[in-house]
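Novice: fold the following for me, if possible:
(one chain, ligands or ions: 3)
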Amino acid sequence: MFPFDEQAIGRHQRGEQSVLPTTHPSEQSAGLFALGAPVTHWAVKATQSVSYEIQLCDDVFALDNLTLLEDVTPAGGRPRRLLVVDANVDRLYGARIRAYLEHHDVIHRICVIDSGETAKAMDTTLRIIDALDDFGIDRRREPVIGVGGGVLLDMVGFACGMYRRATPYVRVPTTLIGLVDAAVGIKTGINNNGHKNRLGSYFAADRTLLDRTFLGTLPHRHVSNGLAEVLKIALIKDGRLFELFAQHAGQFVTTRMQHPADAATELLERAIQGMLEELQPNLWEKVLERVVDYGHTFSPTLEMHALPELLHGEAVSVDMALTTVLAERRGLLDAGQRREILAVMAALRLPTWHPLCTPDTLGRALRDTVRHRDGQQRLPLPIGIGSATFVNDVTDAELAEAARALAEARFEVTR
Ligand SMILES: NC(=O)c1ccc[n+]([C@@H]2O[C@H](COP(=O)([O-])OP(=O)(O)OC[C@H]3O[C@@H](n4cnc5c(N)ncnc54)[C@H](O)[C@@H]3O)[C@@H](O)[C@H]2O)c1
Ligand SMILES: O=C(CO)[C@@H](O)[C@H](O)[C@H](O)[C@H](O)COP(=O)(O)O
Ligand SMILES: [Zn+2]
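Specialist: Residues are numbered from 1 along each chain as shown. Ligands and ions are numbered 1, 2, ... in the order given. As a prediction, the model looks like this:
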């Protein structure tokens, strides 16, 4: 006779998840077992919902801006917060951040970490975890606040996802890649053994506050770097976004997305909207045909092999230039469109070629990506400008031909 758990009945009656012995077939669902019958297996099925907010919030550390502290529970006494802040951001904004926290009487500690792709590793992540230990964070009511670019936010998310198996965190992205991509989804991660984002998790931040004022100090190269991820969205799903690039690419970079103001705002909103349209229905990447993988077939290997020379968005740009030529040679877009795309990349001061684009490296990159995509290439290619298809039959010879054609076109741009 199987032991009967009275508490389980109570939990079940209260609608809590539990696996119950059932006495009537109608109550039996997959995996539950009838009383008395021999038990050979259980199949547990539970769903977890994820919801998080992303909101524009300019000047987040202005003394009169309470958005960041909205999650403070008054009953909890003086709020406590651990902040993890990018070293360059701390140099530029640290005094302001500290003044804000002191003004609002927040007990706080600031863990300052170097970012940049070479710092995106387990040792830096473990430093964040040490800071969580030292601060003595409460498990649920003291969300960690990450302030930095995509590297920092990927590590903060990874650390918080591991700490006590899930410690809430809030993201304040300070780079363009952070604003339009890294702080929009739920992926976290670090590089490991020379592989890009090889260790990571799907762990949503509670909130993301998008403060465009941080772009005012972002080096132009990093503005271009972020615009590569926006160009990705334009090429695979948003022709209007591409029009904005065709009209204003150079100005977006030189003014750090300040001018033309309306076009810059439209671009940011369309980029985030486009990303979320793709991410929300497939947040855990159950389906591996992902148009937002565009530009990320060869770039992970290129980025890691060129480290630290190629920024993430720059490697994505080289990947998109190569696959644009590949698409043209397959008749998916015409020579005029290829010229337009590569001209926008040049106007954005993005590379469209790298010496690492050799048949050997590209072949190796593709094979690693095939493993990442569970055995198939699932390679997004643009159809014209603004939509995409997936292919699984790119050969090494075709790759070599496309790379040769791109190299000959001398689209390399010197910054
Ligand atoms: N999780 C995701 O879904 C996702 C999506 C896209 C990209 N990413 C990751 O994002 C990373 C790239 O992000 P990134 O380009 O922001 O890198 P980053 O975090 O290294 O920041 C770039 C540089 O800008 C500096 N910086 C940051 N904010 C600044 C500011 N306001 N003013 C002046 N300098 C500032 C940083 O110190 C750093 O030197 C890659 O590792 C990529 O894998 C993740
Ligand atoms: O770089 C990232 C995510 O890391 C995004 O810009 C990109 O659109 C996609 O998420 C790609 O799938 C690359 O993601 P990843 O699996 O390499 O982390
Ligand atoms: Zn990316």
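Novice: does the host helix or strand of R171 reach ligand 2?
Specialist: For R171, the host element (DSSP states H and E) is strand 169-173. No: residues of strand 169-173 are not located near ligand 2 by C-beta under 6 Å from any ligand atom, the shortest gap being 13.0 Å. In this view, the C-beta of every residue, glycine as well, is placed from N, C-alpha and C.
Novice: which outside residues touch the helix or strand just after that strand?
Specialist: Proceeding C-terminally, strand 169-173 gives way to helix 176-177 as the next helix or strand, assigned by DSSP H and E. Residues outside helix 176-177 that contact it (C-beta atoms under 8 Å, 6 or more residues apart in numbering) are 149-150, 215, 218, 222-223, 225-227, 229-230, 257, 312-313.
Novice: over to R80: give its phi and psi.
Specialist: Per-residue torsions, R80: phi -120, psi 130 (degrees, to the nearest 10).
Novice: check T208 too.
Specialist: Main-chain dihedrals, T208, degrees, to the nearest 10: phi -130, psi 130.
Novice: who touches it in this structure?
Specialist: Contacts of T208 by C-beta under 8 Å, 6+ apart are 52-55, 170-173, 183-184.
Novice: for PyMOL, write a command that selects the buried ones of those residues.
Specialist: In PyMOL, a selection of the buried entries from the contacts of T208 looks like this (16 or more other C-beta atoms under 10 Å):
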select buried, resi 54+170+171+172+173+183+184
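Novice: coming back round to it: average model confidence for the strand holding R171?
Specialist: Averaged across strand 169-173, pLDDT comes to 98.
Novice: by contact count, what packs against that strand?
Specialist: strand 144-148, helix 150-162, strand 207-210 (3 or more C-beta pairs under 8 Å, 6 or more residues apart in numbering; DSSP states H and E).
Novice: so in that sheet, which strands flank it, and in what orientation?
Specialist: Neighbouring strands of strand 169-173 in its sheet, by DSSP bridges, are strand 144-148 (parallel), strand 207-210 (parallel).
Novice: ok, and what's touching that strand?
Specialist: Contacts for strand 169-173 (C-beta under 8 Å, 6+ apart): 60, 68, 71, 143-150, 153, 156-157, 160, 178-179, 182-183, 205-211, 214.
Novice: and that strand with ligand 1, contact?
Specialist: No: interface with ligand 1: strand 169-173 contributes nothing (C-beta under 6 Å from any ligand atom), its closest point being 7.4 Å away.
Novice: what's the angle between that strand and helix 150-162?
Specialist: Interaxial angle, strand 169-173 versus helix 150-162 (axes from the mean of the first three to the mean of the last three C-alpha atoms, to 10 degrees): 180 degrees.
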